[in-house]
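Engineer: Quick one, structure for this:
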Amino acid sequence: MKRKYLFPVVLLMCVLWLSSCGQGQNLREGISPNAQSGSQQTLEQASFSFEGSIFHYGTYDYDVSSRNQSINSILSAIPVGQKIVIECHVGPKNGVYCIFDTESESFDEDIIGNNLIWHSDDITTAVYSFWSEIHTYDGNVIKTYDLAEDSHIYGLAFCDNYAKLDVTIAHNDGTETDTIALPSK
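Structural biologist: Numbers count the residues shown, from 1 in each chain. The predicted structure is shown next:
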């Protein structure tokens, strides 16, 4: 057999072998082989990856640096309902979250900030920090802090059955936590 035909034959054999395992069956059914109960992914959600600043979804590639020239790499991509949150690195103070809609196969508006969190597999429940402010998913400011130059918002965590938010603020000499009420939907 000629060498140029060897790779496709080996690739086909690997695909056939995988399809004979339980893993291949799960992928055809649209379930991730590593899915835990309650967190199953659809085939569309499972068919994405990233490398550098390129996000791969299905058969398409998207260079997220074209969305924001400050983006120099993708840090993570996490499915949330019918969306994929693509966390991008831009610098030490804030990042960019590109929100990809798997139904329309297009991007929603980007979020510039840090500490993006959500609950109930619903991106519209998200909150995040931007400099000294706490924002809701739609960009509304919940609270603004008067932070010293050596301080920054270090983390966010939901509490009280998602009715409140613990905001951790880091200072050079330690941290403090402030609990704020979230707006009702």
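Engineer: which parts of stretch 61-75 are buried?
Structural biologist: Buried residues in stretch 61-75, counting neighbours by 16 or more other Cβ atoms under 10 Å, are found at Tyr62, Val64, Ser65, Arg67, Ile71, Ile74. Yep, even glycine has a C-beta here, placed from its N, CA and C like the rest.
Engineer: Only C-alpha atoms, please: export the helix or strand hosting Ile123 in CSV.
Structural biologist: According to DSSP states H and E, Ile123 maps onto strand 122-130. Extracted in CSV, the C-alpha atoms of strand 122-130 (Å, rounded to 0.1, in the frame of the first residue of the first chain):
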residue,chain,number,x,y,z
ASP,A,122,-28.8,29.8,33.0
ILE,A,123,-26.4,32.5,31.7
THR,A,124,-28.9,35.2,32.3
THR,A,125,-28.4,34.7,36.1
ALA,A,126,-24.7,35.7,35.7
VAL,A,127,-23.0,38.4,37.7
TYR,A,128,-19.4,39.6,37.3
SER,A,129,-17.0,42.3,38.5
PHE,A,130,-15.5,45.1,36.4
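Engineer: What is that strand packed up against?
Structural biologist: Under the contact criterion of 3 or more Cβ pairs under 8 Å, 6 or more residues apart in numbering; DSSP states H and E, strand 122-130 touches strand 111-119, strand 133-136, strand 152-159.
Engineer: Spell out the residue ranges of the strands in the chain.
Structural biologist: 48-51, 54-57, 60-63, 73-80, 83-89, 95-101, 106-107, 111-119, 122-130, 133-136, 141-144, 152-159, 164-171, 174-181 (DSSP state E).
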